[in-house]
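Asks: Predicted model follows, preceded by the sequence.
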Amino acid sequence: MQKNIVTRYVKVNPVNPEAGPLAEGGLILRRGGLVAFPTETVYGLGANALDGRAVEGIFQAKGRPADNPLIVHVAGREAVGGLVKEVPGVARELMNAFWPGPLTIILPVGKDVPAEVTAGLDTVALRMPRHPVALGLIRAAGVPVAAPSANTSGRPSPTTAQHVLNDLEGRIDMVLDGGPAGVGVESTVLDLTAPAPIVLRPGGITPEELCLVLGTVEVDPQARFANQGEGRPRSPGMKYTHYAPRARLLVVEGRAEAVAVKIKELAGEYRNRGKRVGILSYEDSADFTNIGEVIMVGRRAQPETVAEKLYAALRCFDETDVDLILAEGIDDQGVGLAVMNRLRKAAGGQIIRA
Ligand code: AMP
Ligand code: MG
């Protein structure tokens, strides 16, 4: 396992990244190394997608299960060529509408992609990120870049360079620090190889937005409810408990008022049993200050603001001594669907109805 190497940390301007750090990162990637970089979703851990051994390094550094395929990042539509068998019309329309941006599309895999990237599947996941540092790095590398989130497998995804260092320092060659990532949750994964386009993972581009181009879109039930162990997931990553803080997490769902009452009741019960309780709530939620360690993540009425802060909040709870986190559910409309998918997964499917 790759360990105790010196991880180079370099700050870059997130709007106009300096050429020097991008060139350095690009060279590391071309030589088979690992570089973490900001994207508009979360921080990614990149390797040359055409080099199976380099890609192998990602799995080792993260402790990622080998059967969970990676997303290949490109800096332009023209780079998709050898990565897929063909680009159907609908894929082209989606690229025109949402690239660069947080939409990953799945197409039949082409000849250039090593099996390490796809975990042996006959499909490949592709995305063109919007973040200037991500785009600049991929261009400097001159190759497509396979990149999952830059966290230890199972931990919340990193939205700052510090999160990346906390998990992976000594295991990767370089981190480009371009400040906090924007959207805060990962890209939407859309499978175009199914009989009809289907969302396998909700993310930065909402089903509502996809409908504007597709007319209609299916959402995999596992993407919505994060139920585990029921049948073979279409997206291998969906079967793992992701995004988990160290303390046990329970999600309480229902009408806002009922949720507040239930959380107060549960917090009381757990405290009586000597447990230290954390509460994940929102600026427009009930006041929970006297009943536990409260971390507020944006406003429930604006799910984008929740998405932005969610992973940082889950990591913050790790710095407290809480034994249990009670998280308030939000409406699963818009980006709220991605937020609830991550919360339900962080809870390992333990959902309480208020
Ligand atoms: P990550 O990059 O860590 O955010 O994870 C990428 C997600 O995309 C995981 O949930 C993978 O299972 C999914 N994924 C990547 N490639 C494919 C593919 N060819 N078919 C289905 N899902 C995929
Ligand atoms: Mg991930």
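Replies: Yep, it's here. Ligands and ions are numbered 1, 2, ... in the order given.

Asks: Spell out which parts of the chain neighbour ligand 1.
Replies: When proximity is defined as CB under 6 Å from any ligand atom, the chain approaches ligand 1 at 68-71, 106, 118, 121, 123-125, 148-149, 186, 189, 200-201, 235-238. For the C-beta atoms, the positions are set from N, CA and C on the backbone; glycine is no exception.

Asks: same for ligand 2: which of these are within range?
Replies: Among the residues of the chain next to ligand 1, proximity to ligand 2 is found for 148-149 (CB under 5 Å from the ion).

Asks: Return the subset of the residues of the chain next to ligand 1 lying in strands.
Replies: Assignment to strands by DSSP state E places the following of those there: 71, 106, 123-125, 189, 200-201.

Asks: Dump these into JSON lines; add neighbour count and pLDDT as well.
Replies: Formatted as JSON lines, the entries for those read as follows, by neighbours: other CB atoms under 10 Å; pLDDT from 0 to 100:
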{"residue": "71", "neighbour count": "24", "pLDDT": "98"}
{"residue": "106", "neighbour count": "26", "pLDDT": "98"}
{"residue": "123", "neighbour count": "19", "pLDDT": "98"}
{"residue": "124", "neighbour count": "27", "pLDDT": "98"}
{"residue": "125", "neighbour count": "26", "pLDDT": "98"}
{"residue": "189", "neighbour count": "24", "pLDDT": "97"}
{"residue": "200", "neighbour count": "24", "pLDDT": "95"}
{"residue": "201", "neighbour count": "25", "pLDDT": "94"}
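
Asks: and which of these is nearest residue 268?
Replies: Each of these was checked against residue 268 using CB to CB; the closest is residue 201, at 35.8 Å.

Asks: What distance do you get for the residue nearest to the closest one when sequence neighbours are not counted to ligand 2?
Replies: If you skip the residues right next to it in sequence, residue 201 has residue 189 as its closest partner in space, 4.0 Å away by CB to CB, 6 or more residues apart in numbering. The gap separating residue 189 from ligand 2 is 11 Å, by CB to the ion, to the nearest Å.

Asks: Equivalent analysis for residue 256, please.
Replies: Relative to ligand 2, residue 256 is positioned 30 Å away (criterion: CB to the ion).

Asks: same check, this time on residue 167
Replies: When distance is defined by CB to the ion, residue 167 is 11 Å away from ligand 2.

Asks: Next, the buried residues of the helix or strand harbouring that residue.
Replies: Secondary structure here is read from DSSP states H and E; on that basis residue 167 sits in helix 161-168. Across helix 161-168, burial judged by 16 or more other CB atoms under 10 Å covers 161-165, 167-168.
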